[in-house]
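Student: Quick one, structure for this:
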Amino acid sequence: MQRDLRKMMSFYQKFSLTFFTTALLAFGGFCGSLFAEENAQVPPNIEHYGLLPQYREVTLSPDGKHLALIQRQGTQDFFVVKNAASLEIVGGFNAAKYNARSIYFLSNRHIIILTSKHTRMMRVRGSFEKSSAFVYDLESKKIKVLLAKTKGLYPAQGYGNIVGFNADTQELYMPAYSGGLGGTPRLDLYKVKLKNGKGKIHAKGNRSTIDWFVDKDGKILAREDFDNKTNKHKVFSKISGKWNLIYSHETNIPDINIQAVSSDGINLLFITGTAIFSMSLSDGTIQGPVYHREDTDVGYVMTDINQKLILVKYSGFTPSYDFSNVADNDSIAMLSSYFPSSSVHYIDSTSDENKWLIQVSGNDGAGAYKIYNRGKNQLQNLVSQYPEIQSIGELKAVKFKARDGMKIPSIITLPADPKKRRNLPLIALPHGGPEAHDSIGFDWLAQYLSAKGYAVLQPNFRGSNGFGNALRDSGHGEWGQKMQDDVSDGVAALVKAGYVDPKRVCIMGASYGGYSALAGGAFSPELYRCVISIAGVSDLPRMLKSAKFKFGSSHWVVGYWKKIIGDSDKEREKLKSISPINSVDKFKAPVLLVHGKDDTVVPIRQSSLMHKALKRAGKDVEFITLKGEDHWLSGSETRLALIKAIDEFLDTHNPAF
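Tutor: Below is the predicted model:
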């Protein structure tokens, strides 16, 4: 069956014009024995961790005969099509100039490649990641850019969103903004010919339209609107042949996120909170929750190319699933039982669903792709994301108690050698987001640190998603406060349990994690021996001011940040007090700042100003800029430069041995 492998659309993608973003008791939650025996091996070369995965974005053709993927050779990426049985290369091209984000088969012949590129434009505020969709023809070996020859498109946008495909007419349906710079663009629905990539308007939207839903014949099912000026969120159905308003709500932050069309085609499915509800396309009746798990979140909704539901994937330490075809639930549960200390990720299947493509990541492999033959109940090993890495640090799921009693789900990674798991140096590695989470799986940075001899703590502090509303919502307004205490309390718990030497603790993080690292250095200076901030926020009032400038003060994005951080007008003094840039005098540990020059999420100025402030205060600080790098460390050369800088910094200030 054809798969749309787009990840769950975030509010930043869906609602933004330019697609910006964005001790024994304490360790009662350990899963398994902390001292499980395994064969210790010599840690691999640092480049094995620093370079991008050798294989990624693997996908399976509907007939099961071919695999498409991105394969790294040296520091360059190649788009490759392989025979699924022999793994012989049968097609592809050098993808070095593309930044491939996702790949999926449209048919046995055609493959969609979604890419993004850092872009600046005159008369457009700031820079942004411009997305594009390409189609590769496996027979002709030619590649075309979708929408490239289409007239009247608004220039400052991405062209990578596909919401439908008519297999009979070979036409795709793609939302895109029309209009010129200086005017008011509207999100129209374009019908795009597969043979030449050229589109024409299939249906007109308006300045508030944010999404479209169609059936397999291109018939419009629904349109979604959100007006940032009036805060009106509306859904219109067209299954009767004329527009019918089925949902209307006034809110400054949209509280429903439409993800899919039900498998029977009569309902829309949307996420609110941690559950999925249904909305009737006939009259807007809402029912549910239709999909929900306690103490976890909906992490991902997979649909086919026409946005019909395939499965719901839940978060937590390891994923769990609800398939629209309930018979598939037993198969995924059985596969998960084969790898109890890893995460099993369902990726794709053949159209007859006899063969599944899965990925196993965690203690059982560094992102190992496998084909599961359901008829024969057999697993075929394909490729691993990091084939050079054989020795994997042991991952453990942990729940420790914070100082106020809240349980903080966390991941710890220990060196592969079981004899080296006492009084270890520690790297606290808080994640970005902050509405994100760490789970069981191969993490290149955590595994690199483990291979060097460090223990790694990845706390899902309050404010994190993945583990239910209570944990997430308890972080609102707690930046630099309880959220930061959770990181400190995780360190203390590991010290108390005897795994960590309290005199050899550093903190490192990226994005929000970079803020947390700087906050650790500023507000817990006695705890950390060194600080590493990657693309971190240092000045919260400046960050919120930048968001207002970029989106407008009434935009829902500004409302979102106000909700989770604070009101920059009413709480300015508080925000200043929890901004590390205003507490540089408190730093005792040396600081490494790293930032990509092309970061469109956290401006590089957040790091450059922090660097200047620390310098003025006479602190030990180093600032490294990564030329051509974005917020997500997408480039092999720059990622390798980062990990080498970290390696040298840690060897100087907190050596593992």
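
Student: Show me what the longest helix along the chain is packed up against.
Tutor: Identified as the longest helix of the chain according to DSSP state H is helix 636-653. In terms of contacts (3 or more C-beta pairs under 8 Å, 6 or more residues apart in numbering; DSSP states H and E), helix 636-653 is packed against helix 47-50, helix 444-452, strand 500-510, strand 530-534, strand 591-596, strand 621-626. In short, each C-beta sits where N, CA and C put it, glycine included.

Student: In the stretch 101-250 of the chain, what residue spans correspond to strands?
Tutor: 110-120, 127-137, 142-145, 164-166, 171-178, 186-193, 199-203, 209-214, 220-227, 232-237, 244-250 (DSSP state E, counting those that start in this stretch).

Student: Just give the number of residues close to the residue nearest to Gly205 when sequence neighbours are not counted.
Tutor: Of all residues not flanking Gly205 in the chain, Leu187 sits nearest, at 4.3 Å (C-beta to C-beta, 6 or more residues apart in numbering). Burial measure for Leu187: 24 neighbouring residues, criterion other C-beta atoms under 10 Å.

Student: these two touch, right, Leu187 and Ile210?
Tutor: Yes. Using C-beta atoms under 8 Å, Leu187 is in contact with Ile210, at 6.4 Å.

Student: rewinding a little: the strands of the stretch 101-250 of the chain: which one's closest to Ala522?
Tutor: Closest of the strands of the stretch 101-250 of the chain to Ala522 is strand 127-137, at 28.9 Å (criterion: C-beta to C-beta).

Student: If you count contacts, what does that closest one end up packed against?
Tutor: Against strand 127-137 (3+ C-beta pairs under 8 Å, 6+ apart) you get strand 110-120, strand 142-145.

Student: Now Val558: which helix or strand?
Tutor: Here Val558, judged by DSSP states H and E, is contained in helix 556-564.

Student: Flag every buried residue along whichever helix or strand comes after that helix.
Tutor: Under the assignment DSSP H and E, the closest C-terminal helix or strand after helix 556-564 is helix 572-577. By 16 or more other C-beta atoms under 10 Å, the buried positions in helix 572-577 come out as 574-575.

Student: So what's the model's average confidence on helix 572-577?
Tutor: Summarised as a single mean, pLDDT over helix 572-577 is 95.

Student: any residues touching that helix, and which ones?
Tutor: Counting contacts by C-beta atoms under 8 Å, 6 or more residues apart in numbering, the residues outside helix 572-577 that touch it are 480, 540-541, 544, 565-566, 568, 582.

Student: which among these gets closest to Gln259?
Tutor: Ile565 (26.3 Å).

Student: got the contact list for that closest one?
Tutor: 477, 479, 540, 544, 575.

Student: try 7 Å
Tutor: Counting by C-beta atoms under 7 Å, 6 or more residues apart in numbering, Ile565 touches 479, 540, 544.

Student: surely Arg56 meets Gln385?
Tutor: Yes. Here Arg56 lies in contact with Gln385, judged by C-beta atoms under 7 Å, at a distance of 6.1 Å.

Student: Out of those two, name the residue with the larger neighbour count.
Tutor: The neighbour count for Arg56 versus Gln385, taken as other C-beta under 10 Å, is higher for Gln385 (21 against 18).

Student: For that one, give its distance to Gln71.
Tutor: 11 Å (C-beta to C-beta, to the nearest Å).

Student: go on, Asp63?
Tutor: If you go by C-beta to C-beta, the gap between Asp63 and Gln71 works out to 22 Å.

Student: ditto for Tyr560
Tutor: Counting by C-beta to C-beta, the gap from Tyr560 to Gln71 is 38 Å.

Student: could the strands of the stretch 101-250 of the chain be laid out in CSV, adding distance to Thr413 and mean pLDDT?
Tutor: Compiled in CSV, the strands of the stretch 101-250 of the chain are given as follows (distance: least, C-beta to C-beta, whole Å; pLDDT from 0 to 100):
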stretch, distance to Thr413, mean pLDDT
strand 110-120, 30, 81
strand 127-137, 30, 81
strand 142-145, 40, 95
strand 164-166, 41, 97
strand 171-178, 41, 95
strand 186-193, 43, 96
strand 199-203, 47, 96
strand 209-214, 39, 97
strand 220-227, 41, 97
strand 232-237, 41, 97
strand 244-250, 43, 97
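
Student: Which among those is found nearest to Lys97?
Tutor: Once these are compared by C-beta to C-beta, strand 110-120 is nearest, at 8.9 Å.
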